[in-house]
Structures are given as C-alpha cells and as structure tokens.
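> fold the following for me, if possible:
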Amino acid sequence: MTFLVNWRSALGRSMLLRKLQKNSVNRQTLALDSIKNIGLVGSGTDAEYAQWTKMTKKVFGNEMNVKWLWQSSEKETALESDDNLIVLDKKGYSFFFQPKPDILKAFNDQKNELILCFDKEPSQVLINFLALSNAKYRVGYMGPHDYSFELMLDMSDKQTIAHFISEAHKYIKLMNPS
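The predicted structure is shown next:
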C-alpha cells in the first residue's frame with residue numbers, strides 16, 4: 001500500500017513540474033498596505049478554520065478580505081463552499097493529486113495577492129494548488145516543496161499558527177517595504 005501512495009505522489013510531482021515548466025507565473029514583490037485579498041490554505045477542523053481566520057485578521061488588519069482553500073479533517077464538516085471559502089474534498093483532485101480545472105479556476109478567481117499556507121507538512125494536493133496559484137506571493141513552512149513558495153519560514157522553535165502569522169507579516173514587511 002505504501003508503494004502505491006509513494007508512486008502516486010512521485011508521478012503527481014512529475015506532472016506538476018511539467019505543468020510549471022509550461023506555464024510561468026509572474027511573481028512579484030508587494031506592499032503590505034496595498035494588499036486587499038489574503039488567501040489562506042490549510043487543513044484541520046471547523047474550529048481551527050474560524051480561529052485562524054480571526055488570528056490573520058488581527059495581524060494583517062480587519063479590512064483584509066480573507067479567503068480560504070480548506071481541506072477539512074472532519075468527516076461531517078459544517079462549512080460550505082462559497083466565494084471566500086473552497087472546501088476541498090476528494091472530488092476536487094485527480095488520482096495523482098492534480099487539482100481539477102474547475103476547482104483550480106475557483107481558487108485563482110479569488111484573486112489572492114498573498115497566500116499563507118498553515119500546514120507544516122502540506123499534502124501533495126495542497127502543494128499542487130499552491131504551485132499552480134496565480135498569487136503574487138506565497139508563504140509557508142520550511143520544507144522540501146520549494147517551488148510552491150516565495151518565502152519559507154523555519155518555525156522549528158515555535159510551533160503555533162499565531163507565531164507563524166506574526167513572523168510571516170514581519171518578514172513580508174521587511175522584504176517588501178512600502
């Protein structure tokens with residue numbers, strides 16, 4: 001069984017890298033004071049979803065539009081997809097963890113300028129969505145998926161989401177002065 005999962009992941013990574021080679025995405029710096037849409041990507045429970053949204057608005061400002069790509073870990077999630085939230089289930093990606101075109105289009109239609117990935121070890125599905133997003137700037141945890149982020153933070157000393165959000169804000173501000 002492990003062999004099959006590893007094979008699917010390896011083939012999925014290969015497919016993603018070919019897609020990235022064909023389609024270049026224009027990445028650029030951004031000024032924090034001009035950001036209108038922040039995309040959050042993560043997986044967890046419904047309670048974590050609400051808590052992380054509040055934390056992000058507290059750090060980046062309440063006037064920000066927070067939009068999500070959420071992979072719920074609860075079997076029966078109370079969350080429903082809308083313009084600001086895409087709930088990702090097994091119907092949203094292929095056997096090789098590639099995003100389905102309609103879900104990827106919905107994610108890119110959110111017009112996120114900045115994306116924060118809250119998963120310390122994002123699933124292959126989330127990595128593929130991040131890599132194919134049209135966001136100007138993507139931030140995540142340090143890991144082996146370097147083609148998915150412009151900024152990767154080593155958070156080995158502090159493992160809280162609140163600390164990750166504040167560090168991301170601090171480093172984006174340092175690297176992209178307005």
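
> ok, residue 151 - how many residues close by?
Neighbourhood size, residue 151 [other Cβ atoms under 10 Å]: 16. C-beta: built from backbone N, CA, C; applies to glycine.

> partners of the helix or strand containing residue 66, with directions?
Using DSSP states H and E, residue 66 falls within strand 65-72. Strands that pair with strand 65-72, judged by DSSP bridges, come out as strand 37-44 (parallel), strand 85-87 (parallel).

> now do the helix or strand harbouring residue 116: which elements does it pack against?
Residue 116 is part of strand 114-117, with elements assigned from DSSP H and E. Other elements packing on strand 114-117 under the criterion 3 or more Cβ pairs under 8 Å, 6 or more residues apart in numbering; DSSP states H and E are strand 37-44, helix 124-132, strand 137-141, helix 161-175.

> what angle separates the last one from strand 37-44?
Comparing the axes of helix 161-175 and strand 37-44 via axes from the mean of the first three to the mean of the last three Cα atoms, to 10 degrees yields an angle of 150 degrees.

> what's the pLDDT at the most centrally placed residue in the chain?
Nearest to the geometric centre of the chain sits residue 41, at 3.3 Å (Cα atoms, centre = their mean). Note on residue 41: pLDDT of 93.

> give the rounded mean pLDDT of stretch 92-101.
What stretch 92-101 shows for mean pLDDT is 88.

> let's see the distance spanning it from one end to the other.
Start-to-end span of stretch 92-101 (Cα to Cα, to the nearest Å) is 9 Å.
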